[in-house]
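In: I'll drop the sequence and a predicted model, then ask my questions.
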Amino acid sequence: MKPVCVLGNGQLGRMLRQAGEPLGVAVYPIGLDAEPESVPYQRSIITAEIERWPETALTRELSHHNAFINRDIFPLLADRLPQKQLLDTLGLATAPWKLLSAPDQWPYFFSELGDFIIVKRRTGGYDGRGQWRIRPGKEADLPAEIYGECIVEQGIPFSGEVSLVGARNSHGKSVFYPLTHNLHQEGILRTSVALPNTNPQLQRQAEEMLSSIMEHLNYIGVMAMECFIVGDDLLINELAPRVHNSGHWTQNGASISQFELHLRAILDLPIPQPEILSPSVMINLIGTEINPEWLSLPLVHLHWYGKEVRPMRKVGHLNLAHPEQDILKATLNSLMPLLPAEYQNGLEWAQNKLS
């Protein structure tokens with residue numbers, strides 16, 4: 001099989017490399033500043049762990065490579081403006097939005113979108129960065145340089161956040177994992193819960209939405225779609241054309257992980273529907289030192305990224321899966337004293353989702 005080069009050498013590239021080893025697929029996560037002659041891209045399939053990258057000697061070279069899967073889709077979805085325009089074109093529900101061009105637009109925005117507005121940078125902003133929650137009178141606090149660089153969205157009173165991770169191959173076949181329930185705090189994903197028997201109406205709606213997006217783009221590989229639950233329906237929040245944080249539970253809770261599924265799809269290997277045999281919980285480790293005591297709990301799978309620990313930085317995650325929800329809840333209870341105080345709300349939220 002052809003080797004795979006991953007543009008970007010962060011944790012997602014690392015986990016793609018790990019997923020390739022049992023398949024006999026050599027996966028090379030590549031730093032953006034690597035010299036092109038040091039990268040075996042000429043004989044490889046190219047993918048990426050990020051949607052947006054600076055112009056470097058390597059990215060200039062890869063921008064013309066015919067084996068760069070989804071090469072022209074990444075810039076489209078990395079910018080929230082064309083991403084929103086795509087969803088509107090396809091008639092898919094999303095929060096009402098506008099392009100933020102000048103400060104004098106605010107009276108119009110408040111009259112059209114209401115008194116609670118989310119400002120998002122068109123590119124780059126994630127994990128709570130590059131986003132602002134604005135109410136009347138607070139717009140003057142925004143940095144002047146954001147005008148022309150952001151969109152605004154109506155603040156949505158949702159009852160929950162979910163994501164759908166799916167994959168499509170070059171023959172147009174698509175497969176999906178169950179909807180994942182997510183808890184964000186300060187814009188950062190803290191905890192995810194996946195249940196084998198999810199709401200069938202929401203699952204069907206989400207699969208139809210993501211299928212239409214992947215089909216329209218002729219997308220190949222794993223894509224994630226984040227949504228708000230509003231009443232009995234879903235509103236699409238954002239798209240990620242790559243493996244996704246909310247799909248990390250699949251490493252230990254599914255017969256095929258999202259990382260292996262992505263490699264299978266881009267290499268034109270079979271992509272059967274993954275089997276989900278038990279409820280799963282994923283806990284992001286954010287700015288927290290490693291604690292070997294986590295491993296005293298037999299259900300805990302530690303995935304450590306080997307990064308320097310810094311505040312608000314994702315440095316690893318814990319996966320837990322078990323067919324009996326009461327046993328899973330008891331393990332979460334045992335995990336509580338082994339994690340700092342800021343994790344307690346997320347663990348309690350996960351226990352409630354499992355009830």
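Out: Good, I have the coordinates.
In: isn't there a strand covering residue 270?
Out: No - the assignment for residue 270, made by DSSP: H, G, I helix; E, B strand; the rest coil, is coil rather than a strand.
In: separation between it and residue 256?
Out: The gap separating residue 270 from residue 256 is 10 Å, by C-beta to C-beta, to the nearest Å. In this view, the C-beta of every residue, glycine as well, is placed from N, C-alpha and C.
In: so what sits against both of those two?
Out: residue 264 (C-beta atoms under 8 Å, 6 or more residues apart in numbering).
In: what segments of the stretch 151-300 of the chain are strands?
Out: 160-168, 174-176, 180-185, 188-194, 221-230, 233-240, 280-286 (DSSP state E, counting those that start in this stretch).
In: against which helices or strands is the shortest one packed?
Out: Secondary-structure packing of strand 174-176 (3 or more C-beta pairs under 8 Å, 6 or more residues apart in numbering; DSSP states H and E): strand 160-168, helix 200-217.
In: if we use 10 Å, what do you get?
Out: With contacts taken as 3 or more C-beta pairs under 10 Å, 6 or more residues apart in numbering; DSSP states H and E, strand 174-176 sits against strand 160-168, helix 200-217, strand 221-230, helix 258-266.
In: can you list contacts of it?
Out: 164-169, 203, 206-207, 210-211, 214-215, 219, 222-223, 225, 256, 261, 264-265, 271-274 (C-beta atoms under 10 Å, 6 or more residues apart in numbering).
In: list buried residues within those residues.
Out: The neighbour count (16 or more other C-beta atoms under 10 Å) marks 164-169, 203, 206-207, 210-211, 214, 219, 222-223, 225, 256, 261, 264-265, 271, 274 as buried among these.
In: tell me who's in contact with residue 337.
Out: 293, 344.
In: how about residue 346?
Out: Residue 346 neighbours (C-beta under 10 Å, 6+ apart): 183-185, 189-193, 281, 283-284, 332, 339.
In: quick one: which of those has the most company?
Out: Within the contacts of residue 346, residue 281 tops the neighbour count with 30 neighbours, counted by other C-beta atoms under 10 Å.
In: so for that one, what's the pLDDT?
Out: Confidence at residue 281, expressed as pLDDT, is 98.
In: how long is stretch 131-139 from one end to the other?
Out: Stretch 131-139 has an end-to-end distance of 13 Å (criterion: C-alpha to C-alpha, to the nearest Å).
In: next, the buried residues of that stretch.
Out: For stretch 131-139, using 16+ other C-beta under 10 Å, the buried residues are 132, 134, 139.
In: and the nearest residue to residue 253 once chain neighbours are set aside, how many neighbours does it have?
Out: Distances taken as C-beta to C-beta, 6 or more residues apart in numbering place residue 280 nearest to residue 253, at 3.1 Å, with adjacent residues excluded. Counted with other C-beta under 10 Å, residues neighbouring residue 280 total 28.
In: what's near enough to touch the residue of the chain most remote from its centre?
Out: No residue in the chain has its C-alpha farther from the mean C-alpha position than residue 104, which lies at 34.0 Å (C-alpha atoms, centre = their mean). For residue 104, the contacting residues are residue 147, by C-beta under 10 Å, 6+ apart.
In: may I have the secondary structure class of it?
Out: Assigned with three-state DSSP, residue 104 falls in the helix class.
In: got it, and the one 4 residues further on?
Out: Residue 108 carries the three-state label helix when classified by three-state DSSP.
In: how much space between it and residue 99?
Out: With C-beta to C-beta as the criterion, residue 108 and residue 99 are 12 Å apart.
In: again, but for residue 15
Out: 35 Å.
In: same drill for the two, tell me which one is more crowded.
Out: Taking other C-beta under 10 Å, residue 15 and residue 99 do not tie; residue 15 has more neighbours (25 against 14).
In: give me the nearest residue to that one, chain neighbours excluded.
Out: That would be residue 259: by C-beta to C-beta, 6+ apart, it lies 5.0 Å from residue 15.
In: list the residues that contact that neighbour.
Out: 12-20, 27, 222, 243, 247-248, 250-251.
In: could you redo the last one with a cut-off of 7 Å?
Out: Contacts for residue 259 were tallied using C-beta atoms under 7 Å, 6 or more residues apart in numbering; they are 15, 16, 19, 243.
In: which two in the residues you listed are spaced the farthest apart?
Out: Using C-beta to C-beta, the contacts of residue 259 reach their maximum pairwise distance at 19 and 243, which is 9.1 Å.
In: those two: which is more packed in?
Out: residue 243 (29 against 22).
In: how far away is that one from residue 333?
Out: Distance from residue 243 to residue 333, by C-beta to C-beta: 30 Å.
In: low-confidence ranges in the protein?
Out: Counting by pLDDT under 70, the ranges of the chain that qualify are 125-128.
In: quick check: domain ranges of it?
Out: 4-68, 96-154, 160-354 (the TED database).
In: closest to residue 85 out of those domains?
Out: domain 96-154 (9.7 Å).
In: ignoring the adjacent residues along the chain, who's closest to residue 271?
Out: residue 264 (5.0 Å).
In: okay, the one you found and residue 44: tell me how far apart.
Out: Where residue 44 is concerned, residue 264 sits at a distance of 16 Å (C-beta to C-beta).
In: alright, I will stop here.
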